[in-house]
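# Sequence and predicted model, in that order:
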Amino acid sequence: MRGVVMHTAGDIRVEEREDPKIIDPTDAIIRLSASCICGSDLWPYRGIEPADHKVMGHEYVGVVEEIGHAVKNVKVGDFVVGSFVISDNTCEICLSGFQSKCVHAEFVAEIGTQAEKARIPYADGTLVATPGQPDPDLIPSLLATSDVLGTGWFAAVAAQAGPGKTVAVVGDGAVGLMAILAARELGAERIIAMSRHKDRQELARFYGATDVVEERGNEGIAKIKELTGGLGAHSVVEAVGTQEAFMQAVGATRGGGHLGYVGVNYDVQIPGIELFFAGIHTLGGPAPVRRFLPELIKMVWDRRIDPGKVFDLTLPLDRAAEGYKAMDRRTATKVLLTI
Ligand SMILES: [Zn+2]
Ligand SMILES: [Zn+2]
């Protein structure tokens with residue numbers, strides 16, 4: 001089968017890889033219908049994470065081609081969506097809703113779903129079948145649930161977005177945009193997008209933003225306070241992962257408010273004393289997407305939400321290198337790969 005391999009930072013190739021096989025009885029093999037490139041794939045691409053002939057991709061939708069004898073919840077021919085973290089969905093951590101920290105957790109990034117096929121361990125606990133074969137136009141939105149929507153949704157839930165709440169979203173990448181959609185669906189009263197790119201502001205408004213703040217850092221915090229009677233937002237989502245964005249998110253949260261942080265924050269240093277005096281709730285980390293998948297799939301299936309609009313460039317798998325380049329240069333927000 002063909003699949004994306006990153007030889008070294010910035011060197012993306014599509015090559016012949018070995019076909020996956022069932023190893024454990026709880027495995028499933030899926031034939032991918034579509035995959036995509038994630039903001040986090042840019043970490044190794046830019047040399048921040050090591051890359052030595054690394055298989056790539058962790059977002060996926062596809063059709064089950066083969067199952068191990070212990071798999072019960074999905075069958076051959078099912079169209080399935082899975083989270084970017086493998087989970088058994090039966091351990092205590094999974095049952096408490098944190099499948100991304102499952103005792104059997106494994107990052108799908110190690111499996112590499114920018115490929116024609118993938119072996120999914122713990123298929124019963126990881127994959128969710130759609131009600132039937134989807135119309136082709138639903139595939140981008142179903143693919144979005146696998147990570148960006150699931151992650152944005154978790155961030156909004158972690159920030160306790162809901163009726164009567166003002167939600168501020170730091171970051172206008174795919175996850176930030178999906179957090180706006182989530183805040184709207186969760187019933188937030190006011191949603192402030194922090195963005196300085198015109199095209200993304202437009203998409204933010206499409207997904208439910210009521211206000212846009214272009215300022216960053218302390219000026220951004222001051223602007224949020226100005227819009228909230230001096231208090232700060234009830235709920236803040238951090239979806240960037242830089243020092244400035246993280247501290248902006250802490251500063252924009254009102255005392256007793258909630259911060260949901262999902263930006264992968266390698267280099268962020270959080271001064272304890274600033275967090276201490278902020279007096280806020282914080283929850284973040286790799287999103288337990290599996291918790292939300294059934295609900296998100298249903299909303300997509302019923303055409304109530306349109307997260308697939310976040311893909312602004314579609315390329316065949318063979319042209320993956322162009323997709324990486326476009327995301328690295330920010331000429332694309334999120335790239336869908338057709339297989
Ligand atoms: Zn991702
Ligand atoms: Zn588990």
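That came through fine. Numbers count the residues shown, from 1 in each chain. Ligands and ions are numbered 1, 2, ... in the order given.

# and the residue nearest to the spatial centre of the chain, what pLDDT?
Using C-alpha atoms, centre = their mean, the residue of the chain that lies closest to the mean C-alpha position is V148, 2.4 Å off. On the pLDDT scale, V148 is placed at 97.

# out of everything not next to it in sequence, what's closest to it?
Closest residue in space to V148, ignoring its immediate chain neighbours: A174 at 4.4 Å, by C-beta to C-beta, 6 or more residues apart in numbering. For the C-beta atoms, the positions are set from N, CA and C on the backbone; glycine is no exception.

# Over to N265?
Closest residue in space to N265, ignoring its immediate chain neighbours: G241 at 4.1 Å, by C-beta to C-beta, 6+ apart.

# what about stretch 215-224, average pLDDT?
97.

# so how many other residues sit close to D24?
Close neighbours of D24, defined as other C-beta atoms under 10 Å, add up to 12.

# for it, what are its contacts?
Counting by C-beta atoms under 8 Å, 6 or more residues apart in numbering, D24 touches 68, 121.

# What strand or helix carries it?
Using DSSP states H and E, D24 sits in no helix or strand.

# all helices for the stretch 151-300 of the chain, in order.
Listed in chain order, the helices of the stretch 151-300 of the chain (DSSP state H, counting those that start in this stretch) span residues 174-185, 198-207, 217-227, 243-252, 272-278, 289-301.

# Which of these sits closest to ligand 2?
Evaluated over the helices of the stretch 151-300 of the chain, closeness to ligand 2 peaks at helix 289-301, with 9.1 Å, by C-beta to the ion.

# Relative to ligand 1, how far out is the residue nearest to N265?
Distance of G241 to ligand 1, computed by C-beta to the ion, to the nearest Å: 12 Å.

# Could you spell out the sheet neighbours of the helix or strand containing E65, each with its direction?
Here E65, judged by DSSP H and E, is contained in strand 60-67. The pairing partners recorded for strand 60-67 under DSSP bridges are strand 28-37 (antiparallel), strand 79-82 (antiparallel).

# for those strands, which one sits closest to A252?
strand 28-37 (29.3 Å; C-beta to C-beta).

# Show the contacting residues for the residue of the chain found nearest ligand 1.
Relative to ligand 1, the nearest point of the chain is C38 (2.9 Å; C-beta to the ion). Going by C-beta under 8 Å, 6+ apart, C38 touches 57-59, 147-148, 334.

# How about stretch 67-81, which residues are buried there?
Buried residues in stretch 67-81, defined by neighbour count with 16 or more other C-beta atoms under 10 Å: 67-68, 71, 73-74, 78-81.

# Could I get the pLDDT score of the closest residue to L181 other than its chain neighbours?
Leaving aside its chain neighbours, L181 sits nearest to Y207 (4.2 Å; criterion: C-beta to C-beta, 6+ apart). Listed pLDDT for Y207 reads 97.

# What is the burial count for whatever residue of the stretch 101-250 of the chain ends up closest to ligand 2?
Ligand 2 sits closest to C102 of the stretch 101-250 of the chain, with a gap of 3.0 Å, by C-beta to the ion. The number of residues packed around C102, counting by other C-beta under 10 Å, is 25.

# Same question for P134.
Count around P134 with other C-beta under 10 Å applied: 18.

# Just list the residues touching it, thanks.
Counting by C-beta under 8 Å, 6+ apart, P134 has contacts 79, 142, 301.

# cool, T331 as well?
Listed by C-beta under 8 Å, 6+ apart, the contact partners of T331 are L313.

# ok, now I191?
By C-beta under 8 Å, 6+ apart, the residues touching I191 are 166-169, 180, 183-184, 208-211.

# Distance check, it against H234.
Separation of I191 from H234 (C-beta to C-beta, to the nearest Å): 11 Å.

# Now list whatever residues contact both of the two.
The contact sets of I191 and H234 overlap at 166-167 (C-beta under 8 Å, 6+ apart).

# picking that back up, surely the residue nearest to N265 and A249 touch.
No - using C-beta atoms under 8 Å, G241 is not in contact with A249; the gap is 10.4 Å.

# more neighbours, those two?
A249 (31 against 23).

# Could I get the pLDDT score of that one?
98.

# now D312
On pLDDT, D312 comes in at 95.

# List the buried residues in stretch 21-30.
Of all the residues in stretch 21-30, those buried under the rule 16+ other C-beta under 10 Å are 22, 26-30.

# These: which two are farthest apart?
T26 and I30 (14.0 Å).
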